[in-house]
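A.B. asks: got a sequence here, can you model it:
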Amino acid sequence: MGRERLFAGQITDGLIVETDGHTGWITFNDPGRHNAVSFDMWAAIPIALKHFEDDADIRSVVLTGAGEKAFVSGANISQFEKLRTGTAAVEEYEVVAENAQLSLHSFSKPTIARINGYCIGGGLNIALCCDIRLASDISIFSIPAARLGLGYRYSAIQNLVRAAGTANALEIFITAAKYPAQQAMDRGLVHAVCEKDKLDALVDTYLSQINANAPLTMAVGKKMIKLLAERDAKIDPDQMKALVLQCFESEDYKEGKAAFAQKRPPVFKGR
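C.D. replies: Alright, predicted model coming up:
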């Protein structure tokens, strides 16, 4: 089964949206600028995610970058003068970028960042919004905000602290240093590192595991984990209990029990 492109001619060509079996793919597509995120790319991310959220056949989403040099190298600096200068322009840009980030952070299905090359600034924040981050050994990570003098939004700092912890987050942010993939993994920024030519196989391994699991169970567990990571979250135990019961009352739970008893792989349907 090959990839099928969505939204061609409807959203920016800077974002390629595709499906491949049970997986949705979002590719940042500006390799000439190391896939720096433009305003139009930010605006298109929620559109793609909404489609994948509504498609019951999609069980996972991979975000990656076009070419061989970058995942995402940060925001498109060439647009800063026009779009990030002046209070009104900055506020508009931040609303669109924040909406893209929140749509990814709150997306109910498992997400993987496939990182090959530069993962810088806003690109690292995009990766940190994903559930799993897999990187090739040529990848480089950095948050250069302190070297650019620009403001780094609170929600992005939250993502950094959640992933790396307070001590590592402070080092990463205030030094604005560049970290090779293995050092980035040591600081909690990525889950696994492999040789460049083995990255696709690593991603496929994760996808085969994720796509075989019960969608409702993954969604409920993901929501709980996200809530527990919120320091100011008001968690309703009754709501959490209801979500757990939703899984136990689902067709997938029945299928899971039957498959276990029959010693066969389960076939989940997300209901």
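
A.B. asks: OK, contacts around the residue sitting nearest the centre point of the chain?
C.D. replies: With distances taken as Cα atoms, centre = their mean, the residue of the chain nearest its centroid is residue 130 (2.6 Å). Taking Cβ atoms under 8 Å, 6 or more residues apart in numbering as the criterion, residue 130 is in contact with 63, 104, 111, 112, 113. In short, each C-beta sits where N, CA and C put it, glycine included.

A.B. asks: which non-adjacent residue is nearest residue 107?
C.D. replies: residue 49 (5.3 Å; Cβ to Cβ, 6 or more residues apart in numbering).

A.B. asks: SS state for the one you found?
C.D. replies: For residue 49, the assignment made with DSSP: H, G, I helix; E, B strand; the rest coil gives helix.

A.B. asks: wait, is residue 135 part of a strand?
C.D. replies: Yes. Counting by three-state DSSP, residue 135 is part of a strand.

A.B. asks: pretty sure it contacts residue 118?
C.D. replies: No. Under the criterion of Cβ atoms under 8 Å, residue 135 is not in contact with residue 118, lying 11.0 Å apart.

A.B. asks: between these two, who's got more neighbours?
C.D. replies: residue 135 (30 against 24; other Cβ atoms under 10 Å).

A.B. asks: so what's that one closest to, chain neighbours aside?
C.D. replies: Nearest to residue 135 is residue 115, by Cβ to Cβ, 6+ apart, at 4.1 Å.

A.B. asks: distance of the one you found from residue 174?
C.D. replies: 23 Å (Cβ to Cβ, to the nearest Å).

A.B. asks: the two: which is more packed in?
C.D. replies: residue 115 (32 against 11).

A.B. asks: list the contacts for the more buried one?
C.D. replies: Counting by Cβ under 8 Å, 6+ apart, residue 115 has contacts 64, 65, 71, 127, 133, 134, 135, 136, 139, 181, 190.

A.B. asks: for residue 73, grab the count of nearby residues.
C.D. replies: 26.

A.B. asks: C-alpha coordinates for the longest helix that the chain contains, CSV please?
C.D. replies: As assigned by DSSP state H, the longest helix anywhere in the chain is helix 154-175. Output of helix 154-175 as CSV, limited to C-alpha atoms (Å, rounded to 0.1, in the frame of the first residue of the first chain):
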residue,chain,number,x,y,z
TYR,A,154,5.6,29.7,27.7
SER,A,155,4.0,26.6,26.3
ALA,A,156,7.2,25.7,24.4
ILE,A,157,9.2,26.1,27.7
GLN,A,158,6.6,23.8,29.3
ASN,A,159,7.3,21.2,26.6
LEU,A,160,11.0,21.4,27.1
VAL,A,161,10.8,21.0,30.9
ARG,A,162,8.4,18.1,30.6
ALA,A,163,10.8,16.2,28.3
ALA,A,164,14.2,17.2,29.7
GLY,A,165,13.5,18.1,33.3
THR,A,166,14.3,21.4,35.0
ALA,A,167,18.1,21.0,35.2
ASN,A,168,18.5,20.0,31.5
ALA,A,169,16.0,22.5,30.3
LEU,A,170,18.0,25.3,31.9
GLU,A,171,21.2,24.1,30.4
ILE,A,172,19.6,23.7,26.9
PHE,A,173,17.9,27.1,27.0
ILE,A,174,20.4,29.4,28.6
THR,A,175,23.5,28.0,26.7
